[in-house]
Structure formats: structure tokens, C-alpha cells
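*Asks:* Sharing a model prediction with you, sequence too.
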Amino acid sequence: MTRAGVMVVGMLLPLGQSWGEESAADLGWQLTPFLGYSSSIDFEKMDELAPMPVSTAVDSLQGESSGNWGLFISKEVNDPGMIELLYSHQSTPIAPEQPDRLTVDTLHFAGALTLFDNVMAPYLGAGIGVTRFDAYESEVAPSMSLALGVQPRLTQRLALRAEVRGYGSLVNDDSQFLCNPEVCAFRVRGDLITQWQANIGLTLRF
């Protein structure tokens, strides 16, 4: 590491320790708007039990990978870590090309456990809640998430936050939210629908 790098780490290290050294009375709130990139979502067609209004040769559909945005509202706890409310939003085209876009909204009650109170403040996160898939129709499914991230602290009130988060949603059999039956006639096979996100945001502590 260069001399300049050593100096930068030396300047940031006290800031990285300051949040974790406070008493319970000083534990605060955090607000973190974020932007990110979501992986594609694959949907498999269920085996037909009865004729659909229009037949289709499509056996699978995919919500394409695209950008997303969201928000964390977090309360610091003594573990050290946070309890949080997480909201994430994505709107993406459906492939093969369909007339409807797929919108994915997730609301989770979550938590984050800080692993080491150092300059990077790495953490493990988990959440549980619901995810709403909306295209031709909408479907609300129970979902969960796991995350690994870092939260390097810039000042006493500001920090960066970057993470990779995986989602899993349990979709019902025979869901028809993806496309208009007159155009697509696609019914989702009930399964665990998975997706990954890479997010980065700016945390304001108050």
C-alpha cells in the first residue's frame, strides 16, 4: 500500500469506529435511498390441466435484467446492527417480447448484523415480507432475502452503503399475471422465484 493509501485509511479509521462506540442512548436512525441493478427473473410455464383460450408455444418467460431503486429506513441496535424497513422497485420488459411490462415491488421487515466495527463495517442482512409482481394482472407473494454488504462511514452523519442481496418469492400455481391470455396464454408454475440485486446508496444518520 502506498504512503497516500496509508494516510487515507488512517484518516477514515476513527470515523469507521465512531458509530459502534456510542451508548444505547445515542443509537440513531438511518435513511438510505439506493440505486441498483437487478438480475433477470425466469418464469416457467405450468403443465396445462385444461385448455387455455389461446395456445402458445412459449414455455418460459423472463423479466429482463434492469435497474432498480429503493429505500432503507433503519434503527440502530446494540448488537451492533440495525432493524430495517426495506422497499425496492423494478420495472422491466418481458422476453420474449410481450405487450406488458413487469413491475416488481418488494416490502420487507429486515435486519442487518455488523460483523466487524472497522472502516468498511461489513454486515450480513436478512428480510421477510411480500413481493408484488404486476404485468397484465398482479400477484402478491411471500418473500425473503439475504444480503452481504459494507457501509463505509464518511462522517458522523454520512456513510456509503453497498450490498448484494438475493430474493426468493413463493408464487402460487396457475398465476396468470404475466400476460394477457388473448396474446400470451401463459400460466406461471408455482415455484420459488429467485433474483439478485447489486445496490449502492448514501446513508444519512440522524
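*Replies:* Perfect, I can see it now.
*Asks:* quick one: the helices in the protein?
*Replies:* 3-18 (DSSP state H).
*Asks:* For it, give me the ranges with low pLDDT.
*Replies:* Counting by pLDDT under 70, the chain shows low-confidence ranges at 1-25, 47-57.
*Asks:* try 90 this time
*Replies:* Within the chain, the stretches with pLDDT under 90 are 1-27, 43-61, 78-80, 95-100, 116-120, 136-137, 156, 171-191.
*Asks:* need the strands for it, in chain order.
*Replies:* Along the chain, the stretches classed as strands by DSSP state E are 29-38, 41-44, 60-63, 66-77, 81-92, 94-95, 102-114, 123-134, 138-150, 158-171, 191-205.
*Asks:* tell me which residues in the third one are buried?
*Replies:* Neighbour counts using 16 or more other Cβ atoms under 10 Å place 61, 63 of strand 60-63 among the buried residues. To be clear about C-beta, it is placed using only N, CA and C from the backbone, and glycine gets the same treatment.
*Asks:* What of the second one?
*Replies:* By neighbour count, and taking 16+ other Cβ under 10 Å as the criterion, the buried residues in strand 41-44 are 41, 43.
*Asks:* Show me how far it is from its chain's centre.
*Replies:* 17 Å (Cα atoms, centre = their mean, to the nearest Å).
*Asks:* ok, that strand: who's next to it in the sheet?
*Replies:* The pairing partners recorded for strand 41-44 under DSSP bridges are strand 60-63 (antiparallel).
*Asks:* can you list contacts of the partner strand?
*Replies:* 40-45, 90, 92-96, 98, 102, 104, 178-179, 184, 186 (Cβ atoms under 8 Å, 6 or more residues apart in numbering).
*Asks:* Restrict those to the buried ones and give me that as a ChimeraX selection.
*Replies:* Applying 16+ other Cβ under 10 Å to these, the buried members can be selected in ChimeraX as follows:
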select :41,43,45,90,92,94,98,102,104,178,179,184,186
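*Asks:* Who does Ser88 form a beta bridge with?
*Replies:* Assigned bridge partners for Ser88, using DSSP bridges, are Gly70, Thr106.
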